[in-house]
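Novice: from the sequence below, what's the structure:
(chains A, B, C and D)
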Number of protein chains: 4
Amino acid sequence: LILRDAVHGLVTFERDEERLVVELLDCIEVQRLRHIRQLGVASMAFPGAEHSRFAHAIGAAYVMKKLIERLRTLHEELPYWQRLTSERAQDALAAALLHDLGHGPLSHLFEDAIDGSPHHEEWTRRILLDPQTSVHQTLAKRDPSMPERVARLVHGESDLPYLARSVSGLVDVDRCDYLLRDAHATGVRYGMFDLDWLLRSLRFADHPETGAELAIDGAKGLPAIEGFVLARLFMFQQVYLHKATRSAEWMIRTALARGVRGIAEGLRIPSGGVPTALRQAALGQDPELAAYLQLGDPELILAMKAWEGSSDAGLGDLCRRVRARVLHKTYELFGSLASHDGRRFALETARTIASANGFDPELAVGCDVAEVEAFDATDTPIQVVYQKGRPRVLHEVSFVLARLANQTLERVRLIVVPEIREQVVAALQDKNQ
Amino acid sequence: LILRDAVHGLVTFERDEERLVVELLDCIEVQRLRHIRQLGVASMAFPGAEHSRFAHAIGAAYVMKKLIERLRTLHEELPYWQRLTSERAQDALAAALLHDLGHGPLSHLFEDAIDGSPHHEEWTRRILLDPQTSVHQTLAKRDPSMPERVARLVHGESDLPYLARSVSGLVDVDRCDYLLRDAHATGVRYGMFDLDWLLRSLRFADHPETGAELAIDGAKGLPAIEGFVLARLFMFQQVYLHKATRSAEWMIRTALARGVRGIAEGLRIPSGGVPTALRQAALGQDPELAAYLQLGDPELILAMKAWEGSSDAGLGDLCRRVRARVLHKTYELFGSLASHDGRRFALETARTIASANGFDPELAVGCDVAEVEAFDATDTPIQVVYQKGRPRVLHEVSFVLARLANQTLERVRLIVVPEIREQVVAALQDKNQ
Amino acid sequence: LILRDAVHGLVTFERDEERLVVELLDCIEVQRLRHIRQLGVASMAFPGAEHSRFAHAIGAAYVMKKLIERLRTLHEELPYWQRLTSERAQDALAAALLHDLGHGPLSHLFEDAIDGSPHHEEWTRRILLDPQTSVHQTLAKRDPSMPERVARLVHGESDLPYLARSVSGLVDVDRCDYLLRDAHATGVRYGMFDLDWLLRSLRFADHPETGAELAIDGAKGLPAIEGFVLARLFMFQQVYLHKATRSAEWMIRTALARGVRGIAEGLRIPSGGVPTALRQAALGQDPELAAYLQLGDPELILAMKAWEGSSDAGLGDLCRRVRARVLHKTYELFGSLASHDGRRFALETARTIASANGFDPELAVGCDVAEVEAFDATDTPIQVVYQKGRPRVLHEVSFVLARLANQTLERVRLIVVPEIREQVVAALQDKNQ
Amino acid sequence: LILRDAVHGLVTFERDEERLVVELLDCIEVQRLRHIRQLGVASMAFPGAEHSRFAHAIGAAYVMKKLIERLRTLHEELPYWQRLTSERAQDALAAALLHDLGHGPLSHLFEDAIDGSPHHEEWTRRILLDPQTSVHQTLAKRDPSMPERVARLVHGESDLPYLARSVSGLVDVDRCDYLLRDAHATGVRYGMFDLDWLLRSLRFADHPETGAELAIDGAKGLPAIEGFVLARLFMFQQVYLHKATRSAEWMIRTALARGVRGIAEGLRIPSGGVPTALRQAALGQDPELAAYLQLGDPELILAMKAWEGSSDAGLGDLCRRVRARVLHKTYELFGSLASHDGRRFALETARTIASANGFDPELAVGCDVAEVEAFDATDTPIQVVYQKGRPRVLHEVSFVLARLANQTLERVRLIVVPEIREQVVAALQDKNQ
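Specialist: Presented below is the predicted three-dimensional model:
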């Protein structure tokens, strides 16, 4: 397989070992990802953000291919039993390609909106392990234990910790691809980092308990990893936590929760408005896998369009606003208003205003707290290794990362229907410093 | 309005004159374009090609803004009555933004598949002129005659020929944006050209009958226009005429035609499979505008998914293949087999094989002829102007374009269901030289 | 004037006001900059870093042109007497183009190596004010007081503080161009920032004493300025403070100092080895302007080549090493060894080893201290302005910059001739933690 | 060795086989290339074109490394004796790195200006074969016959024709690097092509007489090779044949020829004006290798600066114009004036005018004929191979290249001192259609 990719240019899966990727791409469960946008509703703020999880899945598998190539040049450093056999390489390629397999429509919104709904990680696991799926059959054909191994790897479990970390860690193939891809699609230039240099900077470090771990080459690699961490931080600040993105997400999440409740309560909904999996979830059942796999963005978009005609006028109005991109406004809270008590006060104030203006407070007003850690240095900190001298931990040797380690960026915002924004601001601005 | 665009970087519409763009973007008919992919099913061949007509519409308006800026620096050359007044600039911006407004789902496939269906240009016109639409109201609020003027401009009609040409001509804002955007999304690097340089190279040339026409600056602009023409040719060769793209398009067009016939003939179709506009078209009625505006990619995708369960097994199978991306194979015809008679012979041969293998020939076999002219030098040839000396026509002075003028690239391909490809090739290959 | 630039693409100076740039480019003193590399000897570490101060001068003038365009869209905010008249715009364009006019060969090395030598800023001033230079005459032709005004502006002095700051400040046109240009030439990707977005983010802020100052738009501009500050920090870490760059700089500075002393002391030097300005400086005279203007990289390179045959064998050897790129090795000092006393100890240790191995310690061993402040928040901190609410200072509102404000990165390195590196490391490594 | 390259990003030579590249880079004859600009005086037209042959040499070696990697994935197709052994790979890497070793200052100008002077290819051969050079010693240390083998390979001779062709052929590593590098440095965007895709598109084709030859993969590679050929054509049209470049080249060539004649005739020239190799060449001697290796751009630039003070006033004036970038003007000839007789007539006319205005016609007027073949399809045409079916020749299957095969672009220009341009144009323009 040779294809053109917007981010990586020439992408090839031509070796024997990579044939598995080609076969998996033909599976219907992977093709389904064509209809789930990677960034959910971020395209409301960044019109270009319309790429799917399918393109990202290919990209992640390609980064894994390059990572494997890099790690194999360092193989002699490892004891024989820790090396990347062809079997392990195929597990890794499959895990990279399939890591998002269970995502529901509109990215994380679906699972967030429905109480008790299994998370996408759980759905990924079910798809991998269900003997009915093409993906399972393709894996099991090679080795009956492969679906289980891949499922564990997707969740960051493996007898090779460095492999687990490359699927799910500080510098994993998922992040490596999505940061570049989201930056490319949105036009945000600060999300770029130098992938080739980063991969070249990877080394192995001994770990007393777990064996070989991924580490960074101190002589050449610091700027590469610093660039990577900052790229992630920038993408959060600019895209993932963008006020319009967050507002649209809140609206859809709120509409979904209300719609699901309505379904449970027998709300009258026009035809096409209740996909099977949604009905099952609404009724507190665990959706069947086959039904869940029928859900993509188009299904959810059309369901919400149908809800515009439901007997819940507030829900209809909210869905209509989403479709017409009439987004709720955001009002950022600072200082004491951003504290736990302050938020509650602000939210109550806004709700009262909403009610006074004839809006359903549940649909018209919310409080959105978004946060991201710049760089997690606590858990298993990534090591930096040198030709001579002992390894160091990353935030010890990096000027920039030392200052960002374990620092959390938080954004607290009221979300209010546009009609009452002025009143809400007037009521709160004196306290908001 | 300030936004990030994947292609143009910083995009702003901040001047008074550009406020219209912001208002039009808020219209529901423009928001609808978010759900229609620019390249239809090309994402089957190029996973990144998932961008919508909405992003392209913004891009085209932005190119128009830059074009207007350029033309205004040359204004003094024009007689007063030909200059770009603010009114004309707003017409032009609106036309650029709205030129694709009437597109049906999956790009051109919808209108191609339904006999007698109005073309997207006609739908654009209807949307602009219908007093019920937000777009119409937004334009008419400025000036009751504006909707009509914009509709004419979209179709390349204006009392200023240079303005008409900038909306619909060899170098128009539509092409300027989509070539760059499609190249960016697909990762095809040859589709790039230098937009800034091209705009800077634009000049006015006198035309005895029509007045000022867009022309190219001979001293600086030849490589820019050559690069533009070649970029277009490359995009056709690589993307628009790609065998997988063409096969997927044929499959969907064929499924749509069959589905529409089935609707007319009372085929049993599961719920959700017959959107109103499709039913009206199938019954030979002119679809109502409101119904047509309900159609986007999600509606058509879900309709075809419903058809998988229809009582027409062949249709169901074809729709399932599309969804699973099990594409028909292509077999390119050369020499005498590519002639009119040759194609017919090849198609008959393939049909016979299809029937013998139990396939419905109508759904299993087709002949696809794709062609593109490298560069049209006949009609009103673009002029090249010099500081001294008479203007020349482009293909007279360009080494490369002289050799490509009026040359047509043609690709003739059989399209066959994968199961019979070997047999078809075996039957035809001796004749195919 | 229209030209292609590697960094900015299409660069034009076509307006009346910009004609001055074209005339200045034709001056012999500006053409001289073609033969002075922007990054001195950094090309020893980054082969691509071969661009000249001439290309940078054009780039800086172009950024100033775009800055002026931006500021003029905000003009109405200013009192009439603070606006950017055409005269002021021309001053600014000239200052941007000419800000490096007085640079000696090999960037800063020349002035650093010769005690008492005027700095390049002083030479710039002399060239601007000397009635014999083409640059002076070109400026004075417009207005006799223009050379003086431009000279003041180059040094960051103006009655318009925002204009002064745009020539010499945190975000000045010099930095804006050289960061991008150096990144482009070296291939270092982290030096990129979004210039268009940064310019768009500029605003005016009132300042009680000085009047209007450049500020940042809080709603849109934070990532742009953060990206800019981080790009600068990255370029220092990777390029300007790179160990090979610093070593080569130390070697040339040391050779120059030794050569100059030799000239003063009557060392025998082959023909071509003593350019006039160098002889004058060596003899403690203030070099004549005409002689200084004869000095470019080629003159200094050939002088040092001539020194290879001088009667000072150590000097000859050092110059030969530079030409053959046999660089001295670096050994970074940490912890207490990096302290003031530690450095002295390390240097003495290395000198003793050098002597014991028959090397001249002055030429074989040095200590290099490099430092850069991530972001200066003390002086006149740049303000961030909002549509509503009071302005804030940058490091108050930026998550990243708050953590980097006034932080200094320091690198302390021994520089030793390769032959003794092992011995030096052996002697010091126990103390170097 | 790991380094950053402006064009290729991360460049590594880390394998055993590549260690030779690192050793060769340390040779003084390779370091000399740092002081020879790749594009000679093209920086007079494109300020960014200041990169050296040293950076290009590294780039060419890196492309060769990637080419070798690609060819080795196809190795099984070849008979054992034609495969890329490590010895052959090292020959190829050395040839790629050293192919320009013998270049004189200012690119081709030096050898063109001096009658009977050996060409740079001959100098490359001498450097490789002379036992005194570091390069020779480095190669011979591995294998005494290696210098001779590399010298042959540089000239396109090898027992493996595909290897010879990769050093000197339609798609050789020299072109692959310089097209991208020159485009990157000049900012000309049309010089870009997709190197990764092109390398991936390379295949082997059987050749009845010579054995395996490089060929193109018909299924994937056509756009890559088309893009490459067009990139080259664009770079010629825009950069290499640019009027300012050609004018500056003519001026320097003319000055060099006059200076060399003057040296032979005993012209009085200030000190520093006659480098040894130049004196030897002027006196009709074959320059000694050691003297030739002392010549770089700085030496020639300073020699010409010295000539400004020679007793030949015309020569002095011409050199001064070059330094101040006061270029002669060009006047392109068309139609019959571009014919052989027409040129002679035009040149005579201009000479007469020059004399009448007091100029030395030899220095004030010239005729410059530049030509480039778009694509040479005659010699050993490159083949296009398919999975099935016979190979075709490239211009048979490429729509674009079929139309450009063996087509020659020619530019005929008078070059005249600016003072007489108007008169020359007035005298010729009626005939120039």
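
Novice: low pLDDT regions in chain A?
Specialist: A:380 (pLDDT under 70).

Novice: tally of neighbours for A:Arg19?
Specialist: 14 (other C-beta atoms under 10 Å in any protein chain shown). In short, each C-beta sits where N, CA and C put it, glycine included.

Novice: ok, the one 4 residues further on next?
Specialist: As a burial measure, the neighbour count of A:Glu23 was computed by other C-beta under 10 Å and equals 17.

Novice: that one against A:Thr138, yeah?
Specialist: Yes - in this structure, A:Glu23 is within contact of A:Thr138 by C-beta atoms under 8 Å, at 5.2 Å.

Novice: ok, stretch A:91-106 near chain B or not?
Specialist: No - for a cut-off given as C-beta under 8 Å from any C-beta of the partner chain, stretch A:91-106 has no contacts with chain B; the smallest distance is 10.6 Å.

Novice: what residues sit buried inside that stretch?
Specialist: A:91-106 (16 or more other C-beta atoms under 10 Å in any protein chain shown).

Novice: now the helices for the stretch 151-300 of chain A?
Specialist: Secondary structure of the stretch 151-300 of chain A (DSSP state H, counting those that start in this stretch): helices at A:161-167, A:173-186, A:195-201, A:222-235, A:243-264, A:276-282, A:289-292, A:297-307.

Novice: which one of those helices lies closest to chain B?
Specialist: Ranking the helices of the stretch 151-300 of chain A by proximity to chain B (C-beta to the nearest C-beta) places helix A:297-307 first, at 3.3 Å.

Novice: alongside chain B, which residues does the stretch 51-200 of chain A contribute?
Specialist: So the stretch 51-200 of chain A meets chain B at A:51-52, A:54-55, A:58, A:184-189 (C-beta under 8 Å from any C-beta).

Novice: please convert the residues you listed to a markdown table, extending it with distance to D:Gln82.
Specialist: Output for those, formatted as a markdown table (distance: C-beta to C-beta, whole Å):
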| residue | distance to D:Gln82 |
| --- | --- |
| A:His51 | 44 |
| A:Ser52 | 45 |
| A:Phe54 | 42 |
| A:Ala55 | 40 |
| A:Ile58 | 36 |
| A:His184 | 42 |
| A:Ala185 | 45 |
| A:Thr186 | 49 |
| A:Gly187 | 48 |
| A:Val188 | 49 |
| A:Arg189 | 47 |
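
Novice: quick check, nearest of these to B:Arg203?
Specialist: A:Gly187 (30.4 Å; C-beta to C-beta).

Novice: that closest one: neighbouring residues, count only.
Specialist: 23.

Novice: tell me the spacing between it and A:Lys65.
Specialist: 27 Å (C-beta to C-beta, to the nearest Å).

Novice: likewise A:Leu101?
Specialist: 18 Å.

Novice: same question for A:Ala42.
Specialist: For A:Ala42, the distance to A:Lys65 - C-beta to C-beta - is 27 Å.

Novice: count of residues packed around A:Arg168?
Specialist: Quick fix: residue A:168 reads Ser, not Arg. 19.

Novice: same question, the one 3 residues further on
Specialist: The local packing of A:Val171 (other C-beta under 10 Å) involves 21 other residues.

Novice: my read: it touches A:Leu214, true?
Specialist: Yes - using C-beta under 8 Å, A:Val171 makes contact with A:Leu214 at a distance of 7.0 Å.

Novice: who touches both of these two?
Specialist: By C-beta atoms under 8 Å, 6 or more residues apart in numbering or on different chains, A:Val171 and A:Leu214 have these common neighbours: A:165, A:202, A:382.

Novice: so who does the first one touch?
Specialist: A:Arg165 makes contact with A:156, A:171-172, A:213-214, according to C-beta under 8 Å, 6+ apart.

Novice: go again using 6 Å as the cut-off
Specialist: By C-beta atoms under 6 Å, 6 or more residues apart in numbering or on different chains, A:Arg165 lies in contact with A:Leu214.

Novice: so how far is A:Leu202 from it?
Specialist: A:Arg165 is 10 Å from A:Leu202, by C-beta to C-beta.

Novice: any residues in contact with both of these two?
Specialist: Common neighbours of A:Arg165 and A:Leu202 (C-beta under 6 Å, 6+ apart) are A:Leu214.

Novice: can you list the residues of chain A near chain D?
Specialist: A:9-10, A:196-197, A:200 (C-beta under 6 Å from any C-beta of the partner chain).

Novice: out of these, which end up buried?
Specialist: The buried subset of these (16+ other C-beta under 10 Å) comprises A:10, A:196-197, A:200.

Novice: just the CA trace of whatever helix or strand A:Leu347 lives in, in PDB.
Specialist: Element membership for A:Leu347 (DSSP states H and E) is helix A:340-356. Backbone C-alpha positions of helix A:340-356 (Å, rounded to 0.1, in the frame of the first residue of the first chain) are rendered in PDB as follows:
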ATOM      1  CA  HIS A 340     -15.300  26.600  43.400                       C
ATOM      2  CA  ASP A 341     -17.700  28.900  45.300                       C
ATOM      3  CA  GLY A 342     -17.300  31.600  42.700                       C
ATOM      4  CA  ARG A 343     -18.300  29.400  39.900                       C
ATOM      5  CA  ARG A 344     -21.400  28.300  41.700                       C
ATOM      6  CA  PHE A 345     -22.400  31.800  42.400                       C
ATOM      7  CA  ALA A 346     -21.800  32.800  38.800                       C
ATOM      8  CA  LEU A 347     -23.800  29.900  37.500                       C
ATOM      9  CA  GLU A 348     -26.700  30.600  39.900                       C
ATOM     10  CA  THR A 349     -26.700  34.300  38.800                       C
ATOM     11  CA  ALA A 350     -26.800  33.300  35.200                       C
ATOM     12  CA  ARG A 351     -29.500  30.800  35.700                       C
ATOM     13  CA  THR A 352     -31.700  33.300  37.400                       C
ATOM     14  CA  ILE A 353     -31.200  35.700  34.500                       C
ATOM     15  CA  ALA A 354     -32.000  32.900  32.100                       C
ATOM     16  CA  SER A 355     -35.200  32.000  33.800                       C
ATOM     17  CA  ALA A 356     -36.200  35.700  34.100                       C
END
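
Novice: list the buried residues for the helix or strand that comes right after it?
Specialist: Using DSSP H and E, the helix or strand that directly follows helix A:340-356 along the chain is helix A:361-364. Within helix A:361-364, the residues that count as buried by 16+ other C-beta under 10 Å are A:361, A:363-364.

Novice: stretch A:279-291 now?
Specialist: So for stretch A:279-291, counting by 16+ other C-beta under 10 Å, buried means A:279-282, A:287, A:289, A:291.

Novice: and the furthest pair within the residues you listed?
Specialist: So, the buried residues of stretch A:279-291 by C-beta to C-beta: farthest apart are A:Ala282 and A:Leu289, at 17.3 Å.

Novice: phi, psi of the residue lying farthest from the centre of chain A?
Specialist: Most distant residue from the mean C-alpha position of chain A: A:Lys388, 38.6 Å away (C-alpha atoms, centre = their mean). A:Lys388 adopts backbone torsions of phi -120, psi 160, taken as degrees, to the nearest 10.

Novice: next: A:Gly314.
Specialist: Taking degrees, to the nearest 10 as the convention, A:Gly314 sits at phi -60, psi -40.

Novice: residue contacts, it?
Specialist: Counted by C-beta under 6 Å, 6+ apart, A:Gly314 has contacts A:360, A:363.

Novice: what about it, distance to D:Glu87?
Specialist: When A:Gly314 is compared with D:Glu87 (using C-beta to C-beta), they lie 79 Å apart.

Novice: with A:Ala95 instead?
Specialist: From A:Ala95 to D:Glu87 the distance is 41 Å (C-beta to C-beta).

Novice: returning to that earlier point: out of the helices of the stretch 151-300 of chain A, which is closest to C:Ala306?
Specialist: helix A:222-235 (38.9 Å).

Novice: please see if the closest one touches chain C.
Specialist: Yes - shown here: helix A:222-235 in contact with chain C (C-beta under 6 Å from any C-beta) through A:223, A:227.

Novice: and that helix, C-alpha only, in CSV?
Specialist: Only the C-alpha atoms of helix A:222-235 are listed here, as CSV (Å, rounded to 0.1, in the frame of the first residue of the first chain):
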residue,chain,number,x,y,z
LEU,A,222,16.2,18.0,24.1
PRO,A,223,14.8,20.6,21.6
ALA,A,224,12.8,17.8,19.9
ILE,A,225,11.0,16.8,23.1
GLU,A,226,10.7,20.4,24.3
GLY,A,227,9.1,21.3,20.9
PHE,A,228,6.8,18.3,21.2
VAL,A,229,5.6,19.2,24.7
LEU,A,230,5.1,22.9,23.8
ALA,A,231,3.3,21.9,20.6
ARG,A,232,0.8,20.0,22.7
LEU,A,233,0.4,22.9,25.1
PHE,A,234,-0.2,25.3,22.2
MET,A,235,-2.8,23.0,20.6
